[in-house]
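Novice: Pasted the sequence and its predicted model underneath.
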Amino acid sequence: MTDLSLGNIEEAARLIDPTFLNTPQFVDAALSRRLGGDTLVKVETLNPIRSFKGRGADYYLRRVPGGRTVVCASAGNFGQAIAYAGGARGVEVVVFAATSANPAKVARMRELGAEVILTGDDFDAAKVAARAYAAEDPARLFVEDGDEASIAEGAGTIGVELAPLGVGTLLVPVGNGALIAGVGRWLKEVSPGTKIIGVCAAGAPAMADSWRQGRPVASSSPRTAADGIAVREPVPIAVDRMLNCVDAVVLVDEEHIRRAVRVVRDTLGLLVEPAGAAGIAAALQHGISGDGLATIITGANLAPDLRAELTGTGGRAD
């Protein structure tokens, strides 16, 4: 069983800010040649926060009562999404992030109006601090990305858009699990033949281990450039949701993650963050191909050093 509602996903597809909906989805010939077969990509980076997170954040914030301060923890993309949606609705937002967080993502969260507090060595330590901070004041509302059903339901609108295309196998980057749970919930209902494969970084295997063992399994501190999927402590309900809709989970190493970022640059002309290219990395490393293969390009908020490596601009946006 799952607590995610098909009706809510359908409602989200009608209500979410159109800025985040109906994103490009297409088969690129050059990328398909690299991967050994036709591959459809759904590009979730062409919006004000450059990631898919705006869908779930927008749907969630529509349900938050007035006068509350929303508190969350984020590696960067979720915090940007909550900040953007909060700004659109006049909701104060406080984001906790690790001291090691991508500085570009931190700057962008602040630019979008969030108060950002840096604490802890990694995302999960920042989450503990965020939860404690929210508990100090009843006006503060703590929201956890992988826990809150409406966030997964908002992300599930990606499945609504993909379903008519007859996807055979979908490769989905797995962070806190909201994306794969929401998309999987929809596709398993309307396209039960679609195989859903989660992709985790080998240096952050907690969600993969949890899915395989059927219960939350923590890992050691993540060691991956893919900060968007660098989970150490799985959210229990997110694991439960995955058990209902995921057919397999694979790990990708750092070499293939970085290679995937370059492949996306060279074929699609897009600069994407390591987590955003995880599905491409899985196809490269594990030889996943075949009719109806698809993946979601989930984010494009690169760390300055990787941007410099890919563009030769020293990290500048020009």
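Specialist: That came through fine. Source: prediction; values computed, not measured.

Novice: When you work out contacts or count neighbours from here on, use the C-alpha atoms and nothing else.
Specialist: Fine.

Novice: Would you mind listing the buried residues in stretch 69-87?
Specialist: 69-86 (16 or more other C-alpha atoms under 10 Å).

Novice: hey, C-alpha coordinates of that stretch in CSV?
Specialist: Output of stretch 69-87 as CSV, limited to C-alpha atoms (Å, rounded to 0.1, in the frame of the first residue of the first chain):
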residue,chain,number,x,y,z
THR,A,69,7.4,29.9,8.8
VAL,A,70,8.5,26.9,6.7
VAL,A,71,11.7,25.3,7.9
CYS,A,72,13.6,22.6,5.9
ALA,A,73,17.0,21.1,5.3
SER,A,74,18.4,20.9,1.8
ALA,A,75,21.5,20.2,-0.2
GLY,A,76,20.3,23.1,-2.3
ASN,A,77,17.7,22.3,-4.9
PHE,A,78,14.8,21.6,-2.5
GLY,A,79,15.7,24.7,-0.5
GLN,A,80,15.6,26.8,-3.7
ALA,A,81,12.2,25.3,-4.6
ILE,A,82,10.7,26.0,-1.2
ALA,A,83,12.2,29.5,-1.2
TYR,A,84,10.7,30.2,-4.7
ALA,A,85,7.3,28.9,-3.8
GLY,A,86,7.4,30.6,-0.4
GLY,A,87,8.2,33.9,-2.1
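
Novice: Pull the distance from that stretch to the chain's centre.
Specialist: Stretch 69-87 sits 13 Å away from the centroid of its parent chain (C-alpha atoms, centre = their mean, to the nearest Å).

Novice: tell me the average confidence for it?
Specialist: Across stretch 69-87, pLDDT averages out at 96.

Novice: Check stretch 232-245 too.
Specialist: In the prediction, stretch 232-245 has an average pLDDT of 96.

Novice: which residues are in contact with that stretch?
Specialist: By C-alpha atoms under 8 Å, 6 or more residues apart in numbering, the list of residues contacting stretch 232-245 from outside reads 1-3, 124, 146-147, 176-178, 180-181, 184-185, 188, 196, 204-207, 210-211, 214-222.

Novice: how about low-confidence regions in the stretch 1-150 of the chain?
Specialist: 1 (pLDDT under 70).

Novice: In it, what residue spans correspond to strands?
Specialist: 25-27, 39-43, 69-73, 92-97, 115-118, 140-142 (DSSP state E, counting those that start in this stretch).

Novice: What lies in contact with the fifth one?
Specialist: Spelled out, it's strand 115-118. V93, V94, V95, F96, A97, A98, T99, V106, M109, R110, A126.

Novice: now the fourth one, which residues is it bridged with?
Specialist: Read it as F96. For F96, the beta-bridge partners under DSSP bridges are A73, I117.

Novice: list the contacts for it?
Specialist: V71, C72, A73, S74, V116, I117, L118, T119, A126, K127, A129, A130.

Novice: do the same with the first one
Specialist: V93 makes contact with T69, V70, V71, I82, A83, G86, G113, A114, E115 under the criterion C-alpha under 8 Å, 6+ apart.

Novice: could you redo the last one with a cut-off of 6 Å?
Specialist: Taking C-alpha atoms under 6 Å, 6 or more residues apart in numbering, we find V93 in contact with T69, V70, V71, A83, A114.

Novice: Tell me, how many residues neighbour the nearest residue to the fourth one once chain neighbours are set aside?
Specialist: Nearest residue to A83 in three dimensions, chain neighbours excluded: A114, at 5.3 Å (C-alpha to C-alpha, 6 or more residues apart in numbering). Using other C-alpha atoms under 10 Å, A114 has 26 other residues around it.

Novice: Likewise for D137?
Specialist: If you count neighbours by other C-alpha under 10 Å, D137 ends up with 10.

Novice: From the contact counts, what lies against the lengthiest helix in the chain?
Specialist: Identified as the longest helix of the chain according to DSSP state H is helix 254-268. Packing partners of helix 254-268 (3 or more C-alpha pairs under 6 Å, 6 or more residues apart in numbering; DSSP states H and E): helix 278-286.
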